[in-house]
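Undergrad: Any chance you could fold what I've pasted below:
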Amino acid sequence: MPGKEIKGTSKRANYRDGKLVGGQSKIASAAAPRNKITGADFKVLNRKNLSTGSSDTHVTKDGRTAKKGLYYYMNKAKKEGRSKSGKGSVTDKALKQSSKTAKA
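TA: Residues are numbered from 1 along each chain as shown. Here you go, the predicted model:
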């Protein structure tokens, strides 16, 4: 009988009587009706992800908006302490390549 599965140890195996399990309740709570997953739930979740998702640009120290690139990630690694002492966090080849497009 559908919805009456008893065997197994997964969260899905605990699905009984049409109740939501696991992450389903989080999806269903995004839009009305709160106890059923509909297309409106995914529409709301996608809108949230688009508005708060990571962007491919950042604001530089001098106020310009620039695309994230080698220098952005190099400075981020340095700030977080992931930069290798002496050698740096990027190769000489990568620095030479990026210097062609870097704004002076």
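Undergrad: The longest helix anywhere in the chain - contacts with which helices or strands?
TA: For the chain, the longest helix by residue count, based on DSSP state H, is helix 39-52. Under the contact criterion of 3 or more Cβ pairs under 8 Å, 6 or more residues apart in numbering; DSSP states H and E, helix 39-52 touches helix 24-28. Yep, even glycine has a C-beta here, placed from its N, CA and C like the rest.
Undergrad: ok, back up a step: extract the CA atoms of the longest helix of the chain and return them as CSV.
TA: Taking Å, rounded to 0.1, in the frame of the first residue of the first chain, the C-alpha atoms of helix 39-52 are listed here in CSV:
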residue,chain,number,x,y,z
GLY,A,39,5.0,24.9,-7.9
ALA,A,40,4.6,28.1,-5.9
ASP,A,41,7.0,26.8,-3.2
PHE,A,42,9.8,26.3,-5.8
LYS,A,43,9.0,29.7,-7.3
VAL,A,44,9.5,31.4,-3.9
LEU,A,45,12.7,29.4,-3.1
ASN,A,46,14.2,30.2,-6.5
ARG,A,47,13.5,33.9,-6.0
LYS,A,48,15.2,33.8,-2.6
ASN,A,49,18.2,32.0,-4.1
LEU,A,50,18.5,34.5,-6.9
SER,A,51,18.4,37.5,-4.7
THR,A,52,20.8,36.2,-2.1
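Undergrad: Could you point out the helix or strand that follows it?
TA: Sequence-wise, the next helix or strand downstream of helix 39-52 (DSSP states H and E) is strand 57-59.
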